[in-house]
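1. sequence below, structure please.
(one chain, ligands or ions: 1)
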Amino acid sequence: MDQNKIPQATAKRLPLYYRFLNNLNQQGKRRVSSKELSEAVKVDSATIRRDFSYFGALGKKGYGYNVEYLLGFFRSTLDQHEVTEVALIGAGNLGTAFLKYSFLKNNNIRITKAFDADSSKVGKDIDGVPIFHVSDLEEELENIRVVILTVPASEAEEIAEKLVNLGVNGILNFTPARITVPSHVRVHHIDLAVELQSLVYFLKHYPLEKE
Ligand SMILES: NC(=O)c1ccc[n+]([C@@H]2O[C@H](COP(=O)([O-])OP(=O)(O)OC[C@H]3O[C@@H](n4cnc5c(N)ncnc54)[C@H](O)[C@@H]3O)[C@@H](O)[C@H]2O)c1
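-> From the prediction side, this is the model:
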């Protein structure tokens, strides 16, 4: 299937589905209903059915979806066969937490290198990930095209510019800085303060009803 035809909102949910289905598969489950999936991944079942219809997975009434088929589809779509190496810049509080948290265990994305400006951290490793000096980016980044940015906001723009010059085309930006990059580079911002504000706003203005 032509991956460009999958809407972006659907594509964003793929890793969520993938993780859950992978767990099911490891437990030996062969099928799953959209209701079960919906409860697990917190996406309503109509959306799941619509998402899955893009993958040619039409659930059968009373049977649900075939776990192996879906996993096969997700693996090829998410490039699970290939290992994607990711670098992390800024091994401070947040960066260290990411290096320690093995949230990437179940798929083939791995943080393989970290960079920091603090010489006392350079040469050490955090949970097996070596820390290099940020001035060695050029020599050490090699083929890495995806970077997690956890530096102070004031450093973000300058680092991003360096990264783009070295061929990076994907940045997951945890800093509150809004960085400017050329149009071929994709930046996803994750701003925890904004997410929290939005949650509180929704709770206040759109409270959910108890069932
Ligand atoms: N800690 C949190 O809970 C949290 C939450 C949301 C967002 N953030 C954002 O994430 C970023 C990091 O936060 P933190 O709490 O981990 O800060 P921190 O000060 O603990 O870590 C920043 C790290 O970046 C390094 N650094 C500084 N300048 C650098 C440079 N030019 N190149 C490479 N490394 C450099 C520092 O040596 C340090 O290790 C900040 O922008 C912060 O606003 C943090």
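2. domain boundaries for the chain, per the record?
-> Domain segmentation of the chain under automatic domain parsing yields 3-77, 84-194.
3. name the helix or strand of the chain that has the lowest mean pLDDT.
-> helix 67-77 (a mean of 84; mean pLDDT, DSSP states H and E).
4. who does the helix or strand that that helix is followed by pair up with?
-> Where DSSP states H and E defines the elements, the next helix or strand beyond helix 67-77 is strand 84-89. With DSSP bridges as the test, strand 84-89 is paired with strand 109-116 (parallel), strand 146-149 (parallel).
5. sorry, back to before: got the buried residues for the least confident helix or strand of the chain?
-> 67, 70-71, 73-74 (16 or more other Cβ atoms under 10 Å). The C-beta positions use only the backbone N, C-alpha and C, and glycine is treated the same way.
6. same question for stretch 146-156.
-> Buried residues in stretch 146-156 (16+ other Cβ under 10 Å): 146-151, 155-156.
7. picking up where we left off before, right, so of the strands paired with strand 84-89, which gets closest to Val187?
-> strand 146-149 (8.8 Å; Cβ to Cβ).
8. starting at the chain centroid, how far to that closest one?
-> Chain-centre distance of strand 146-149: 11 Å, with Cα atoms, centre = their mean, to the nearest Å.
9. what about Ala11, which SS state?
-> helix (DSSP: H, G, I helix; E, B strand; the rest coil).
10. distance of it from Val147?
-> 20 Å (Cβ to Cβ, to the nearest Å).
11. before we move on, back to that, which stretch in the domains of the chain has the least confidence?
-> Among those, domain 3-77 has the lowest mean pLDDT, at a mean of 84.
12. quick one on the thing from earlier: greatest separation within the buried residues of stretch 146-156: which pair is it?
-> Val146 and Glu155 (18.7 Å).
13. helix or strand for the residue nearest to Lys124 when sequence neighbours are not counted, just tell me which one.
-> Once flanking residues are discounted, Lys124 sits nearest to Ile131: 5.5 Å by Cβ to Cβ, 6 or more residues apart in numbering. Here Ile131 sits within strand 129-133, counting by DSSP H and E.
14. can you list the strands that that strand pairs with?
-> strand 109-116 (parallel), strand 125-126 (antiparallel).
15. quick revisit: okay, the strands paired with strand 84-89 in TSV with distance to Arg30 next?
-> Listed next are the strands paired with strand 84-89 as TSV, based on distance: least, Cβ to Cβ, whole Å:
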stretch	distance to Arg30
strand 109-116	27
strand 146-149	34
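16. residues of the chain that sit close to the ligand?
-> 89-95, 115-118, 134, 150-153, 155, 159, 174-176, 192 (Cβ under 6 Å from any ligand atom).
17. only the buried subset of these, as a PyMOL command please.
-> Buried members of the residues of the chain next to the ligand, defined by 16+ other Cβ under 10 Å, are picked up in PyMOL with:
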select buried, resi 89+90+91+94+95+115+116+117+134+150+151+155+159+174+175
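18. which of the residues of the chain next to the ligand fall within helices?
-> Secondary structure defined by DSSP state H assigns 93-95, 153, 155, 159, 192 of the residues of the chain next to the ligand to helices.
19. which members of those residues are the farthest-apart pair?
-> Using Cβ to Cβ, those span at most 19.6 Å, a distance reached by Ile159 and Leu192.
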